[in-house]
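Participant: Sequence first, predicted coordinates after that:
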Amino acid sequence: MDLEKLIREVAEEINKNKEVVAFTGAGISVESGIPAFRGSQGLWEKYDPEEYAYISVFLRNPAKVWKMLRDMFSIALQAKPNTAHLVLAEMEKKGYLKAIITQNVDGLHQEAGSQKVIELHGNGRFLVCLSCHNRVPFLREHLEIEPYPVCQTCQKALKPDVVFFGEPLPEEALNSAYALAKSCKIFLIVGTSGVVYPAAQIPYYAKSKGATIVEVNLWESSYTYKLTDFFLKGKAGEIFDKLSKYLF
Ligand code: OAD
């Protein structure tokens, strides 16, 4: 079926059911200039996550991990929401969307105006001290501090308030995500490869509870052939731009 027709059908479903929950990944922020993690332009091509993204590595060698963080956040801290973030925020305002469950840490959903955002992997707009738990806004000035910014109270390395590999996901966020997946009628997966667990499990749960799965992705993901009812193939910004014309 051609894409335009599929988008119209999805818009009709959303209009009928107005109980949508979105589940977003790095792909939604690519058009804001933030590279995804996997694929040829991905962060993990440049920095092996085994070497840079585990909490054990940060604890042993924060200076090394801050090299990767500086690279990542020099882009993320100045990025602006794109059409996909903005349309999702509008969908919430107009009563179509209950919440967004995101794996992203870039804060762009909130900046776009979304109110109900469940952050499974934390929030990269803040830095936290692992020793005294002091939490401060992550400012661009922090990126200039070599070898890494430290806590003003105890002088220990500050870490972006995001989930590293080897750290548990915030329990409250995970519980909220499952409750939303259970109660929605349409589960809208946007720009995620669906390979990082436990987050990647949530769409399966939504499907098992009866949700229709709509997926927006530039390429087929691990969900496409197993789970997806409507696959909208393309750039998230372009797909949401078209979708918004049928919705609002
Ligand atoms: P990935 O980098 O694994 O996947 C990004 C997905 O976005 C891929 O399926 C791409 O095809 C798709 N994509 C790329 N550009 C797009 C565009 N313009 N429009 C729509 N889709 C596009 O990112 P995530 O699935 O978010 O976790 O990765 C999950 C987790 O792995 C991250 O939260 C992070 C990472 O390791 C932690 O750091 C704990």
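Facilitator: Okay, I see it.
Participant: Please count neighbours and contacts with C-alpha atoms only from this point.
Facilitator: Will do.
Participant: can you pull the contacts of the nearest residue to E167 once chain neighbours are set aside?
Facilitator: Leaving aside its chain neighbours, E167 sits nearest to I55 (6.6 Å; criterion: Cα to Cα, 6 or more residues apart in numbering). Contact partners of I55, counting by Cα atoms under 8 Å, 6 or more residues apart in numbering, are F164, F165, G166, E167.
Participant: Please list only the buried members of those residues.
Facilitator: F164, F165 (16 or more other Cα atoms under 10 Å).
Participant: returning to that earlier point: now the residue nearest to E167: how far from the ligand?
Facilitator: Relative to the ligand, I55 is positioned 10 Å away (criterion: Cα to the nearest ligand atom, to the nearest Å).
Participant: Wait, H142 touches P149, no?
Facilitator: Yes: under the criterion of Cα atoms under 8 Å, H142 makes contact with P149 at 5.9 Å.
Participant: Specify which residue of these two has the higher count of neighbours.
Facilitator: Under the criterion of other Cα atoms under 10 Å, the comparison of H142 against P149 puts P149 first, with 21 against 16.
Participant: And that one, its phi and psi?
Facilitator: The phi/psi pair for P149 (degrees, to the nearest 10) reads phi -70, psi 150.
Participant: I'd say it and L158 touch.
Facilitator: Yes: P149 is in contact with L158 according to Cα under 8 Å; the separation is 5.8 Å.
Participant: Under a three-state scheme, what state does K207 occupy?
Facilitator: helix (DSSP: H, G, I helix; E, B strand; the rest coil).
Participant: ok, now which ones touch the most centrally placed residue in the chain?
Facilitator: Residue closest to the average C-alpha location in the chain (Cα atoms, centre = their mean): N104, at 2.5 Å. N104 makes contact with T24, G25, A26, E119, L120, H121, G122, N123, according to Cα under 8 Å, 6+ apart.
Participant: bridging residues for the first one?
Facilitator: It stands for T24. Counting by DSSP bridges, T24 is bridged to T102, V190.
Participant: Scan the protein for its longest strand.
Facilitator: strand 122-129 (DSSP state E).
Participant: Now do that strand: everything it contacts.
Facilitator: Applying Cα under 8 Å, 6+ apart, the contact partners of strand 122-129 are 77, 103-107, 134-139, 150-151, 156-163, 170.
Participant: Show me what it pairs with in its sheet, parallel or antiparallel.
Facilitator: Strand 122-129 has its sheet partners listed here by DSSP bridges as strand 135-137 (antiparallel), strand 158-162 (antiparallel).
Participant: how distant is the longest one from the center of its chain?
Facilitator: Looking back up the chat, that one is strand 158-162. Strand 158-162 sits 16 Å away from the centroid of its parent chain (Cα atoms, centre = their mean, to the nearest Å).
Participant: pLDDT on that strand, on average?
Facilitator: What strand 158-162 shows for mean pLDDT is 98.
Participant: cool, and stretch 102-122?
Facilitator: 98.
Participant: Any idea how far apart the tips of it sit?
Facilitator: Stretch 102-122 has an end-to-end distance of 9 Å (criterion: Cα to Cα, to the nearest Å).
Participant: how near is R60 to A53?
Facilitator: Distance of R60 to A53, computed by Cα to Cα: 12 Å.
Participant: more crowded one of these two?
Facilitator: The residue with more neighbours, out of R60 and A53, is A53; 19 against 10, by other Cα under 10 Å.
Participant: pretty sure the more buried one contacts F165?
Facilitator: Yes: counting by Cα under 8 Å, F165 is a contact partner of A53 at 5.9 Å.
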